[in-house]
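Undergrad: Sharing a model that was predicted from the sequence below.
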Amino acid sequence: MKVIFHIDEKKDWKKLLNNVNNMLTYYNSQDEQIIIEILANGNAVTSLTLDSEIESRIIKLLDNNVNVVACNNSINEQGLNRQNILERIYIVASGVVELVEKQKQGFTYIKP
């Protein structure tokens, strides 16, 4: 199974992270392989920086093979410096293009 979680509002991180953890827990308990990507755009990218309130939770997911990607357009719109983005966060040119491409690859789209 392949799933892409989409977040574009900073206020929704807790809900999204809980959903991802619940999905990981379930599929791991079923001994089923799952590929999860989290795509952040809009003002949600501001939480993917060093010392953010969710840094430790993001790092834990990265350590559990969850891919986390950020939209470069949103990074620029939010006035962020790419050097402040957490390590191992993959930056894509356009979040909406990433969503389309992942759906073409068979990813299920979830926006909590």
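TA: In hand now; what should we look at? Because the structure is a prediction, the values reported are computed rather than measured.
Undergrad: the helices in the chain, which residues?
TA: 13-29, 55-63, 72-77, 95-104 (DSSP state H).
Undergrad: can you pull the buried residues of the first one?
TA: Right, the one you point to is helix 13-29. The neighbour-count check on helix 13-29 (16 or more other C-beta atoms under 10 Å) flags Trp13, Leu16, Leu17, Asn19, Val20, Met23, Leu24 as buried. No exception for glycine: its C-beta is placed from N, CA and C like everyone else's.
Undergrad: could you dump those to TSV with pLDDT?
TA: Listed next are the buried residues of helix 13-29 as TSV, based on pLDDT from 0 to 100:
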residue	pLDDT
Trp13	98
Leu16	98
Leu17	98
Asn19	98
Val20	98
Met23	97
Leu24	96
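Undergrad: Enumerate every residue touching Ile91.
TA: Val69, Ala70, Cys71, Asn72, Ile75, Arg82, Ile85 (C-beta atoms under 8 Å, 6 or more residues apart in numbering).
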